[in-house]
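Undergrad: Whatever this is, show me its structure:
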Amino acid sequence: MRKFILISLAAVAVAPAAPALAHAKVVSSNPAANATIAAPAKVSVTFNEKLVPAFSKIEISMTGMDMKVPVKTSVSTDGKTITAVPQGKFMKGGYVINWSAAAADDGHHTAGSIPFKIK
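TA: Got it, this is the predicted structure:
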């Protein structure tokens, strides 16, 4: 019995660890949170892991108004960055990037927002 326990413990000790399942997390954005900038040609959010493009997106809205800036979105070839190219003009004022992302490894969905201002 003692030999069985020692062999079992040894097997557990050398077994490869299973990958941890986690949500995609934002590692950077352009513009950065709370930045005051000139009107950008594009907006991007980069994550710590690969995303599912069909379930990941960016929307840009003017703060305090029900006005969305039309955008064309794409996901980078490495699958970690969502880019939005505005199809309209920005006015001066506050905006928020609303993002949602689904991680490719486990499908978990996360969402958040990043405020910025146009000068």
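
Undergrad: Excluding covalently adjacent residues, which one is nearest to Phe55?
TA: Residue nearest to Phe55 in three dimensions, not counting chain neighbours: Ala102, with 3.7 Å by CB to CB, 6 or more residues apart in numbering. No exception for glycine: its C-beta is placed from N, CA and C like everyone else's.

Undergrad: count of residues packed around that neighbour?
TA: When counting by other CB atoms under 10 Å, one arrives at 19 neighbours for Ala102.

Undergrad: isn't it right next to Val52, touching?
TA: Yes - A contact is recorded between Ala102 and Val52 when judged using CB atoms under 8 Å, the distance being 4.2 Å.

Undergrad: What pLDDT does the model give the nearest residue to Val71 once chain neighbours are set aside?
TA: Nearest in space to Val71, with sequence neighbours left out and distances taken as CB to CB, 6+ apart, is Ala84 at 3.9 Å. Reported pLDDT at Ala84 in the predicted model: 97.

Undergrad: now Asp106
TA: Among the per-residue scores, Asp106 shows a pLDDT of 89.

Undergrad: State the number of residues packed around it.
TA: Close neighbours of Asp106, defined as other CB under 10 Å, add up to 14.

Undergrad: same check, this time on His108
TA: His108 is flanked by 12 other residues according to other CB under 10 Å.

Undergrad: residues near the nearest residue to it once chain neighbours are set aside, how many?
TA: Taking CB to CB, 6+ apart, and ignoring the residues beside it in sequence, His108 has His23 as its nearest neighbour in space, at 4.9 Å. The burial count assigned to His23 is 15, neighbours taken as other CB under 10 Å.

Undergrad: try Val43
TA: By other CB under 10 Å, 23 other residues sit near Val43.

Undergrad: what's across from the nearest residue to it once chain neighbours are set aside in the sheet?
TA: If you skip the residues right next to it in sequence, Val43 has Ala84 as its closest partner in space, 4.7 Å away by CB to CB, 6+ apart. In this structure, Ala84 bridges to Val43, Thr73 when assessed by DSSP bridges.

Undergrad: do the same with the one 10 residues further on
TA: According to DSSP bridges, Lys117 are recorded as the beta-bridge partners of Gly94.
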